Each structure stands twice: as C-alpha cells, then as structure tokens.
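Visitor: structure for this input, please:
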Amino acid sequence: MHHLKEDFDSLVAETALSGGIDRRGFLKTAIGTGFAAAVMPVVAQTVVHTDTAGLTAGVVTITVDGQQVPVYRAQPEGKRKLPVILVVSEVFGVHEHIADVARRFAKQGYLALAPELFARQGDPRSYASIAELIDKVVSKASDQQVLGDLDACVAWAKANGGDTDRLGITGFCWGGRITWLYAAHNPGVKAAVAWYGRLIGAKNGNNPQNPIDIAPTLKTPVLGLYGAKDGGISQESIVAMKAALAKGGNQSEFVVYPNSGHAFHADYRPSYVEADAKDGWKRALAWFKAHGVA
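Guide: The predicted structure follows:
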C-alpha cells in the first residue's frame, strides 16, 4: 500500500465525515454527483460549474466481462463522428468535478467518457479517510482491469457516435499514472495529457509497471502537467522520466509549474491554483489539437 500512498502525500487530511450510499445505488445513480467524503469540505467559492446546455450528458452503462461499469458521458447534442476523450479520475472516483471536466471537453466538441473504474471495488466517495480509501478500494483495482475497462469505453464510443481514429486520454493523480500506462497499452491513442500522475514507485501484482518502465518504447506523445511543490512526485522522478522517454525518441513534453503542488487543477479543493489550472487546460486542448485528436 505504501507505493499508492506516495501519490497522496499532498492531499487534504482526512475528515470525520462518514456514511455514503449503498453500492447498488452508487452504480446506478451516484457517479458524476457530489464529492468524496475524504476531501470534504469542498471549497465552494472556487468550484467551476459547466452546464449541460447543448449537450447530451449523463450516465451510461457498459458491460465488461459480465460486470456493469457506469460511465459519465458528455457530448454535443445530436452530433456524431466526434473525437473521443477518456477522462480518468483521481482516487475519489467519478464525482462532480470529473463529470464537469467531461462536460468541458464536450463543450469543445468531444465525446467525453469518464468511467467509474472502481465499480467492482465499491464507492470511493463514501470513505472518510484517504488511507482507508486506498486500502479498501484503490489498491484492489488492478492495472489490467482498469486498462480493460478503458478498452471497453473505446469500443462503446466507436459504436455510439465516436470517431476512435481521433482518440485521446487525460487523467488526474491516480488517473495521471493510468494515462501514461494506457497511452502505451493502446496504440490507437493519438495523444494524452497526464496531470500530476506518479512516474515511479513500488510494484506489486496489481501494479506491475510504472510509467517510467514503458517510457523507452512509448510511441504516443504525452503532455505531463506537474507541480514543482508536489510533495509526492519528486522533480528527480520527472528528470528520470524525461531521460527514459528520450531513449525511444518519444516527443512527450513536461510543464512544471513552480507555484503549484499536487492537484492544482482540482478547483473544489484548497490545492487549486487558478492560473496554472487554466494554463494547463489551454495547453491540454492545444496538445490534443496539434496531435490530431480535435
């Protein structure tokens, strides 16, 4: 569990909140709404709200090996042949902020899919502390399972109005690490944007590789957005990742924001740095456009 905790050294401390909803209700209705107990209270004055005007938005269900995986979908209403963006959540699952990010992409003309990748393990929003959340849910979600669920999302997109020849992926924290791994796993990904995802760390049966392990053979260009003050992701690991990418001639790039720590894009938390979050968002859109996703 220690290697997972490394991702969260900069996260908000646990609160006394508890409770939640039952798992069946979670699978049917909860994703895309509310926030995780482990990060409450929300910094309401900084929350960005993206409306659904002109969009088709809500939860769809994809079946993967007999398991129902809920996915928050957002796209321009009535449009087809849309570029596809996979949005991979933090450890807190697909809560209101991740759904909002999906809607932001939909407003830019994308079919955005944010799957609840912890659907088999439980409701990540109901745990009062990050330590318990990691132990009970996150650590039990294997990379193999997660990458398979993302593959299923791509297949669903192809069958439901998405142009998977224009496929991109982005993710935050835990999802940032997954973004690197999926860019290597699926050669159909044209571009990726990883927000403060761990690059090195301990390995185990569920997490047999780190992004640095796949770097020398990675073909997909990835934009890495990181904070210089991130206590859980060292600058040395970024330097090492750059060197590993250079071995294969990969054209990935890093932007390290000197005034930001971890989770600087999370506009619902005290870690939010508005200027850097907005700059990162502009860079992400430009990156996808430059590499043929838009």
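Visitor: contacting residues for residue 245?
Guide: 215-216, 218, 252 (Cβ atoms under 8 Å, 6 or more residues apart in numbering). For glycine as for every other residue, the C-beta is placed from the backbone atoms N, C-alpha and C.
Visitor: then residue 87?
Guide: 98, 101-102, 105, 112-114, 169-171, 175.
Visitor: gap between it and residue 237?
Guide: 24 Å (Cβ to Cβ, to the nearest Å).
Visitor: what of residue 246?
Guide: 15 Å.
Visitor: same question, residue 129
Guide: Residue 129 is 26 Å from residue 237, by Cβ to Cβ.
Visitor: quick one, which of these two is more surrounded?
Guide: Neighbour totals were compared for residue 129 and residue 237, and residue 237 leads with 20 against 16 (other Cβ atoms under 10 Å).
Visitor: please name the residues that touch that one.
Guide: Contacts for residue 237 (Cβ under 8 Å, 6+ apart) come out as 198-200, 212.
Visitor: same list (these) but as CSV, adding neighbour count.
Guide: Conversion of the contacts of residue 237 to CSV gives the following (neighbours: other Cβ atoms under 10 Å):
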residue, neighbour count
198, 24
199, 27
200, 19
212, 18
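Visitor: turn these into TSV, columns for pLDDT, secondary structure and distance to residue 269.
Guide: Shown next, in TSV, are these (pLDDT from 0 to 100; DSSP: H, G, I helix; E, B strand; the rest coil; distance: Cβ to Cβ, whole Å):
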residue	pLDDT	secondary structure	distance to residue 269
198	98	coil	18
199	98	coil	22
200	98	coil	25
212	98	helix	27
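Visitor: of all those residues, which comes closest to residue 185?
Guide: residue 212 (15.3 Å; Cβ to Cβ).
Visitor: was I right about that closest one contacting residue 199?
Guide: Yes. In this structure residue 212 lies within contact range of residue 199 using Cβ atoms under 8 Å: 5.3 Å.
Visitor: identify the contacts common to the two.
Guide: Residues touching both residue 212 and residue 199 (Cβ under 8 Å, 6+ apart): 237, 240-241.
Visitor: ok, which stretches of the protein are helices?
Guide: For the chain, helices defined by DSSP state H occupy the ranges 2-5, 23-25, 96-107, 130-136, 143-159, 174-185, 211-214, 235-247, 274-290.
Visitor: would you check how far apart the residue nearest to residue 163 when sequence neighbours are not counted and residue 41 are?
Guide: The spatially closest residue to residue 163, leaving aside those adjacent along the chain, is residue 81, at 4.8 Å (Cβ to Cβ, 6 or more residues apart in numbering). As for residue 81, its distance to residue 41 is 42 Å (criterion: Cβ to Cβ).
Visitor: list the contacts of the nearest residue to residue 265 once chain neighbours are set aside.
Guide: Residue nearest to residue 265 in three dimensions, not counting chain neighbours: residue 277, with 4.5 Å by Cβ to Cβ, 6+ apart. By Cβ under 8 Å, 6+ apart, the contact list for residue 277 reads 264-265, 267.
Visitor: nearest to residue 155, of those?
Guide: Nearest member of the contacts of residue 277 to residue 155, counting by Cβ to Cβ, is residue 265, at 28.3 Å.
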